[in-house]
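Undergrad: Pasting a predicted model and its sequence here:
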Amino acid sequence: MQTRSVARILGLCCLSPLAPAQVQWFGRTPALQPSPRVLASMAWDGQRLILFGGADHPYQPTQIYDDTWAWDGQAWQLLAPSMRPTAREGHTMAWDPVRQRVLLYGGYNPNTTFHDTWEWDGSTWAPVFAASYPRDMSRPGLAFDHARGRMVLAGYVYATGQRFETWEFYGGHWLNRSSLNRPNLDALGVTLGYDPNTRRVLAFDGSLDQGAPQRHRSLTWSWDGNNWAQLFVTSTPPGRYEAMLTTDLIRNRLVMFGGIDFNPNLRRSDTWEWDGTAWQQLTLTQNPGPRRYAAFGYHEGLGRAVLFGDGTGTWELYNPNQASFRAFGAGCPSSAGTAVMSAGNNTAPWLNESLLIEVAGLPNRGNPTFLLLGFSRDFWGAIPLPFDLAILGATGCALRVSAELTVPMVNLNGTARQSLPIGSDPFLVGASFFTQAFVVDPAANQLGIATSNACQARIGSR
């Protein structure tokens with residue numbers, strides 16, 4: 001099983017060919033959306049994307065916003081939190097999966113520069129009071145370091161002498177991190193993002209090169225938790241200022257869009273990706289148009305990068321045939337509880353890669369465990385699915401997938417795992433198969449079996 005691919009297990013004869021997947025921009029026109037704005041910020045909150053603040057103009061605003069909006073992939077919703085930050089623009093936000101909070105730092109309005117920190121818990125905002133905190137940072141970048149479990153904030157400090165500072169937020173406290181090497185002192189509008197390939201926070205520095213006026217740098221830096229290191233790569237985007245950056249966690253790419261080139265005052269509309277070693281420009285059939293100062297975030301639930309601001313509409317960047325592994329239907333309890341099936345190690349059924357299927361919450365007494373693989377969630381031969389197993393003595397249990405193949409799994413300490421190579425044939429792209437686990441457990445019910453939830457695996461191509 002370890003060496004056989006999905007193509008051999010399920011058979012190419014049963015799959016319908018689709019064109020190779022391609023990432024594209026898709027414009028959305030919801031009936032309700034935030035008013036046009038720039039210099040807002042957006043971040044995932046565990047359920048949806050949250051957008052806060054911004055202004056109606058980047059240089060001479062007449063309106064500064066303090067509203068909170070949520071995007072669920074279909075519609076925008078104006079939220080009414082009991083507490084919220086003061087109206088501002090130029091702040092930065094990111095999702096902290098450890099604290100289960102969105103962190104907001106800084107920003108400004110025509111009268112005040114803010115040094116405060118706020119957290120969004122899914123329903124309201126609350127200030128964070130820290131003994132020390134960053135000050136006077138102009139539009140810094142913020143990203144969560146998944147490898148080290150902490151926030152990284154970096155950017156240009158314009159007060160008391162020019163300098164570039166790096167701070168980390170961990171356990172409710174800010175810590176100033178000194179670094180021997182660092183991006184340029186005038187790296188105003190630096191953008192940060194987490195690179196899942198190198199497990200480092202990256203910074204793109206497109207600041208003006210003082211040695212060559214009106215020429216932007218195009219530098220990529222990596223933060224390892226102690227020091228910044230410049231990465232020397234052969235392919236880089238043209239230099240720009242205020243580029244927008246987010247991480248595509250499904251495709252393991254950093255995505256950059258737009259920005260400003262002051263020579264000749266050009267707003268860019270190109271899309272670039274970082275794959276861990278190099279930047280590559282995407283050739284796309286459409287894009288949101290030239291933009292800067294827009295909010296750019298990643299909807300983890302849908303696997304889509306979302307752009308809003310400095311133009312009309314809401315835009316999403318994603319692969320319509322991207323890989324997914326989604327649960328459906330409930331399992332039924334064994335003597336150890338109800339088993340849960342999921343994809344392990346952040347894997348997905350990508351072409352020419354392996355999907356790690358994990359089933360947790362199993363009895364840990366050497367109970368035999370089996371993985372069912374099939375083509376359908378609607379029928380197994382002439383039997384409609386789901387099929388209620390109560391008739392056989394397994395009350396509350398159901399067969400939810402067709403069982404074209406049954407594979408033994410190794411149950412270690414209550415968790416069973418199975419690595420499933422997907423194969424490399426393009427005919428697999430867009431095809432789906434279905435999985436469910438059964439465990440033998442005489443204590444569970446009269447039939448002596450229990451089931452996990454089921455999952456639908458959709459094969460994609462990066």
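TA: Perfect, I can see it now. Residues are numbered from 1 along each chain as shown.
Undergrad: And stretch 298-311, what's buried?
TA: 298-300, 302-311 (16 or more other C-beta atoms under 10 Å). The C-beta positions use only the backbone N, C-alpha and C, and glycine is treated the same way.
Undergrad: possible to save the residues you listed as JSON lines with secondary structure?
TA: Converted to JSON lines, the buried residues of stretch 298-311 look like this (DSSP: H, G, I helix; E, B strand; the rest coil):
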{"residue": "Tyr298", "secondary structure": "strand"}
{"residue": "His299", "secondary structure": "strand"}
{"residue": "Glu300", "secondary structure": "coil"}
{"residue": "Leu302", "secondary structure": "coil"}
{"residue": "Gly303", "secondary structure": "coil"}
{"residue": "Arg304", "secondary structure": "strand"}
{"residue": "Ala305", "secondary structure": "strand"}
{"residue": "Val306", "secondary structure": "strand"}
{"residue": "Leu307", "secondary structure": "strand"}
{"residue": "Phe308", "secondary structure": "strand"}
{"residue": "Gly309", "secondary structure": "coil"}
{"residue": "Asp310", "secondary structure": "coil"}
{"residue": "Gly311", "secondary structure": "coil"}
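Undergrad: nearest to Gln436, of those?
TA: Gly303 (23.0 Å; C-beta to C-beta).
Undergrad: and the gap between that closest one and Thr435?
TA: 19 Å (C-beta to C-beta, to the nearest Å).
Undergrad: what's the spacing between the nearest residue to Ala348 once chain neighbours are set aside and Thr124?
TA: Nearest residue to Ala348 in three dimensions, chain neighbours excluded: Ala323, at 4.0 Å (C-beta to C-beta, 6 or more residues apart in numbering). Per C-beta to C-beta, Ala323 is found 35 Å from Thr124.
Undergrad: How about Gln74?
TA: From Gln74 to Thr124 the distance is 23 Å (C-beta to C-beta).
Undergrad: The residue nearest to Ala348 and Asn346 touch, don't they?
TA: No: using C-beta atoms under 8 Å, Ala323 is not in contact with Asn346, being 11.6 Å away.
Undergrad: quick one: which of those two has more around it?
TA: Ala323 (25 against 11; other C-beta atoms under 10 Å).
Undergrad: How about the contacts made by the residue nearest to Ala348?
TA: Ile250, Ala348, Pro349, Trp350, Ala457, Arg458, Ile459, Gly460, Ser461 (C-beta atoms under 8 Å, 6 or more residues apart in numbering).
Undergrad: who wins for neighbours among those residues?
TA: Ile459 (29 neighbours).
Undergrad: show me the contacts for that residue.
TA: Contacts for Ile459 (C-beta under 8 Å, 6+ apart) come out as Val6, Ala323, Pro349, Trp350, Leu351, Ile422, Leu428, Val429, Gly430, Ala431, Ser432, Phe433.
Undergrad: The second one and Leu371: what is the separation?
TA: In this structure, Ala323 and Leu371 are 19 Å apart, going by C-beta to C-beta.
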